[in-house]
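A.B. asks: sequence unknown, structure follows:
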């Protein structure tokens, strides 16, 4: 700092004005920064409100999506349980099918042996037996009839066996209807649950798609907020140095102002002394004094009332 004790009044005034100019310039710069930051804050506040509003919407959608997911998973679990039941029924059904197939093969074998129904074979047997018992026929014919009767007995036995197996097939089929019905019912339930599961799955996907779109928009606003912070960071970095500079200038100004005040007091005292000398001369010579002269003399104690 310049030795202010050696500065003239003019130099002192110039220095004070220069410092005040610097303070004004820095103060204007600081106010400009604050105005710009205020604009940034306003924009940032708007962006935050938009971002937060979108994030709030995603939080509203998530429980709904989770509810659909839970219902879908529950339906899928029921489907898995029903498929296990159906698999067990299918094993049981296959066993019935295999048994019926074996019985049908056995019945067909008996039918091949019988080569006729019980009714037709019984009628033929009765006819041949009646001839044997009642007709007057040669011995050779009797022997032929006995042979045919013997064959008919075998064929009748096969026919009865075929009928018996057929009845068993019908009985087994009737008794297995419940198994088939249960299997069909389970398949219907699986189809209904699969449709329900698909509906919840699609609803869930649609909601998550909405959530993703909203999040992308929210992320866009967040990125803009970060850009605002980045843009305002250099401005904020200027604030403290400017404040410190203004403070230093004000401290320096106070020193020069204090010196100016001292110089003005000295000047005022010299002027007052000059006025005192003139007033005393007037008092001694003519006694005619102005109000200012009177005040000076009274201040100095030359006149008392």
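C.D. replies: Cool, got the structure. From a predicted model like this one, the values you see are computed outputs, not experimental measurements. Residues are numbered from 1 along each chain as shown.
A.B. asks: and the longest helix along the chain, what other elements does it pack with?
C.D. replies: If you go by DSSP state H, the chain has its longest helix at helix 139-285. Packed against helix 139-285, as judged by 3 or more CB pairs under 8 Å, 6 or more residues apart in numbering; DSSP states H and E, are the following elements: helix 9-114, helix 118-134, helix 291-300. For the C-beta atoms, the positions are set from N, CA and C on the backbone; glycine is no exception.
A.B. asks: Residue 23: neighbour count?
C.D. replies: Using other CB atoms under 10 Å, residue 23 is surrounded by 18 other residues.
A.B. asks: again with residue 158
C.D. replies: Residue 158: 20 neighbours (other CB under 10 Å).
A.B. asks: Relative to residue 242, how far out is it?
C.D. replies: 120 Å (CB to CB, to the nearest Å).
A.B. asks: swap in residue 21?
C.D. replies: 15 Å.
A.B. asks: who's more crowded, those two?
C.D. replies: residue 242 (14 against 11).
A.B. asks: That one against residue 30, yeah?
C.D. replies: Yes - if you go by CB atoms under 8 Å, residue 242 and residue 30 touch, sitting 4.9 Å apart.
A.B. asks: Excluding chain neighbours, what is closest to residue 121?
C.D. replies: residue 156 (4.8 Å; CB to CB, 6 or more residues apart in numbering).
A.B. asks: Could you check the pLDDT of that neighbour?
C.D. replies: Residue 156 carries a pLDDT value of 88.
A.B. asks: got the contact list for it?
C.D. replies: Residue 156 sits next to 114, 118, 121, 122, 125 when contact means CB atoms under 8 Å, 6 or more residues apart in numbering.
A.B. asks: Mark which of these are buried, thanks.
C.D. replies: 114, 121, 125 (16 or more other CB atoms under 10 Å).
A.B. asks: What's the separation between the last one and residue 148?
C.D. replies: Pointing back at residue 125 there. 9 Å.
A.B. asks: Give me the common contacts of the two.
C.D. replies: In contact with both residue 125 and residue 148: no residue, using CB under 8 Å, 6+ apart.
A.B. asks: Where does the prediction get shaky in the protein?
C.D. replies: Scanning the chain for pLDDT under 70 picks out the ranges 1-2, 178, 180, 268-269, 273-281, 283-284, 286-290, 293-297, 299-305.
A.B. asks: before we move on, back to that, from the middle of its chain, how far away would the longest helix of the chain be?
C.D. replies: 1 Å (CA atoms, centre = their mean, to the nearest Å).
A.B. asks: tell me the angle of it relative to helix 9-114?
C.D. replies: If you take axes from the mean of the first three to the mean of the last three CA atoms, to 10 degrees, helix 139-285 sits at 170 degrees to helix 9-114.
A.B. asks: and the angle for helix 139-285 with helix 118-134?
C.D. replies: 170 degrees.
A.B. asks: Make residue 1 into 8 and carry on from there
C.D. replies: From this message on, residue numbering opens at 8, which makes the last subject helix 146-292.
A.B. asks: Wait, residue 68 touches residue 220, no?
C.D. replies: No - contact criterion CB under 8 Å: residue 68 and residue 220 do not qualify, at 10.6 Å.
A.B. asks: about what we covered before: and the contacts of residue 163, which is closest to residue 243?
C.D. replies: residue 121 (109.4 Å; CB to CB).
A.B. asks: For that closest one, give its distance to residue 104.
C.D. replies: Taken as CB to CB, the span from residue 121 to residue 104 is 25 Å.
A.B. asks: give the contact list for residue 160.
C.D. replies: residue 132.
A.B. asks: typed the wrong thing, it's residue 120
C.D. replies: 161, 162, 165.
A.B. asks: how many other residues sit next to the first one?
C.D. replies: Just to be clear, that refers to residue 161. Residue 161, neighbours per other CB under 10 Å, totals 12.
A.B. asks: so how far is residue 122 from it?
C.D. replies: 11 Å.
A.B. asks: again, but for the second one
C.D. replies: The gap separating residue 162 from residue 122 is 6 Å, by CB to CB.
A.B. asks: Which one's more surrounded, those two?
C.D. replies: residue 162 (20 against 12).
A.B. asks: pretty sure that one is touching residue 123, no?
C.D. replies: Yes - the pair residue 162 and residue 123 passes the contact test of CB under 8 Å, sitting 6.5 Å apart.
A.B. asks: So for stretch 152-171, what gets flagged as buried?
C.D. replies: Under 16+ other CB under 10 Å, the buried positions of stretch 152-171 are 152, 155, 159, 162, 163, 165, 166, 168, 169, 170.
A.B. asks: Could you dump those into a markdown table and include distance to residue 82?
C.D. replies: Shown next, in a markdown table, are those (distance: CB to CB, whole Å):
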| residue | distance to residue 82 |
| --- | --- |
| 152 | 74 |
| 155 | 70 |
| 159 | 64 |
| 162 | 60 |
| 163 | 60 |
| 165 | 55 |
| 166 | 55 |
| 168 | 52 |
| 169 | 50 |
| 170 | 50 |
